[in-house]
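Engineer: okay, predicted coordinates and the sequence, questions at the end:
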Amino acid sequence: MRVPVVVMRGGTSKAVFLNFNDMPSNRMLWEEFLLDIMGSPDRSQIDGLGGANSLTSKAAIIKKSDLEEIDIEYTFAQVSIENQLVDFKGNCGNISSAVGPYAIQQGLVPAIEPITRVRIYNTNTQKVIVAEVEVENGRVKTEGMCSIPGVPGTGSPIYLSFTRAEGAVTGKLFPTGNPIDVIQSRKGPINVSIVDVANPLVFVHAHDVGLAGTELPHELTAEKLNELEEIRSVAAEMCQFAVKEEATQKSPAVPKMTIIASPQDYIDVTGSERKAADMDCTIRMISMQKPHQALAITGAICTTAGAFLNDTILSEIISVKKEVVRLAHPAGIMETKVELIAGTISAIKVVRTARMILEGYVYTKKNYDLTSKLA
């Protein structure tokens, strides 16, 4: 059967966008349905729309909202490539940047020139994100001079504001109640900070796990990734997502392993030289047990918030609290802007670009009872 889909790039990720009305009416079938569409489990995802990378094996389910002061309800799905699993626990900030353009282009939100504000309720985290999208001649503007590391070329800027994002998944700023915890690993005790803002992250200092913090994705060996997954699995248990022995299978997406270090010179994946003076810290994230090619937006939001907290690993590295925080990742440097009211963070803003790549139909291998009955 065929299902209407839109493929969109949002920031440094790509996802299949589906209207809620075109999803199976039985929510219990959503996982099977999305695995079918993406071609999982299969490392190549050869029989579906997935791109054989965690950054391209994602889905967004969009619904026009009846909630007060909300335009769109958005559910994010991280589709496992190798396992029979779809993770709905957290959100993806990069894909969030494409929600506004999608909603406008599909007529779910009226296009208002020159800027359309789309108020998005993320059902995974029960948090609100406000997207500011440029509109021209009644349509989403995609051309522009905004450049983001990890994406070729330039586009129209999309501003995302994350407000009251604390406790997005666990309900707590510090899921364990502590700014720093000690995790016992095969390599010995490791200090970590588990922080939940926009998404839960487990932060480790690069030198504590035998890294410099400037490594590029291809430089992280399978052995090192296994060491990091061991630490992340313990943190997942501490967050009560799964017991550590089952965390890789049952909670592969959160908390996200994040390696940080002090500013230092390095060469990014494009061959460009990055100077320590242009950054506030280096950051390397692991996504679905693989090195992230750039930096997750929710990771940037959480890192920025963590830098303003007391006594975390982050606050040890980013000691000066500034309005703009510069995060150096494998593909370049991302900036976040902090909006403060009486010394307290009211919102964290980041700029992205997004565009529609494809609109059409995907053919599934099985029949599903769709909400819209259009298939």
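Structural biologist: Okay, I see it. It should be emphasised that the depicted structure is a prediction, and the values quoted were computed from it without experimental measurement.
Engineer: ranges for the helices of the stretch 51-200 of the chain?
Structural biologist: 93-105 (DSSP state H, counting those that start in this stretch).
Engineer: where in it is pLDDT low?
Structural biologist: Across the stretch 51-200 of the chain, not a single residue meets the criterion (pLDDT under 70).
Engineer: now the strands for the stretch 251-375 of the chain?
Structural biologist: Counting by DSSP state E, counting those that start in this stretch, residue ranges of the strands within the stretch 251-375 of the chain are 256-261, 266-267, 273-274, 281-287, 290-291, 324-329, 332-341, 344-352, 354-363.
Engineer: looking at these, spot the one closest to residue 143.
Structural biologist: Nearest to residue 143 among the strands of the stretch 251-375 of the chain is strand 354-363 (9.2 Å), distances taken as CB to CB. From N, CA and C alone the C-beta is placed, and that goes for glycine too.
Engineer: between helix 93-105 and that closest one, find me the angle.
Structural biologist: 80 degrees (axes from the mean of the first three to the mean of the last three CA atoms, to 10 degrees).
Engineer: list the buried residues in strand 354-363.
Structural biologist: Buried residues in strand 354-363, defined by neighbour count with 16 or more other CB atoms under 10 Å: 354, 355, 356, 362.
Engineer: the closest residue to the first one other than its chain neighbours and residue 356, how far apart?
Structural biologist: Spelled out, that is residue 354. Of all residues beyond its chain neighbours, the one nearest residue 354 is residue 98 (4.0 Å), with distances taken as CB to CB, 6 or more residues apart in numbering. Relative to residue 356, residue 98 is positioned 8 Å away (criterion: CB to CB, to the nearest Å).
Engineer: which residues are common contacts for those two?
Structural biologist: Each of residue 8 lies in contact with both residue 98 and residue 356 under the rule CB atoms under 8 Å, 6 or more residues apart in numbering.
Engineer: sorry, back to before: so what's the residue nearest to residue 354 up against?
Structural biologist: Taking CB under 8 Å, 6+ apart as the criterion, residue 98 is in contact with 8, 9, 10, 11, 15, 17, 60, 354.
Engineer: max pairwise distance over those residues: which two?
Structural biologist: Spatial extent of the contacts of residue 98 (CB to CB) is set by the pair 11 and 17 at 14.2 Å.
Engineer: thinking again about what came up before, quick one: which of the strands of the stretch 251-375 of the chain is nearest residue 170?
Structural biologist: Judging the strands of the stretch 251-375 of the chain by CB to CB, what sits closest to residue 170 is strand 256-261, at 12.9 Å.
Engineer: centre of the chain versus that closest one, how much separation?
Structural biologist: Once both centres are worked out by CA atoms, centre = their mean, to the nearest Å, strand 256-261 turns out to sit 14 Å from its chain's centre.
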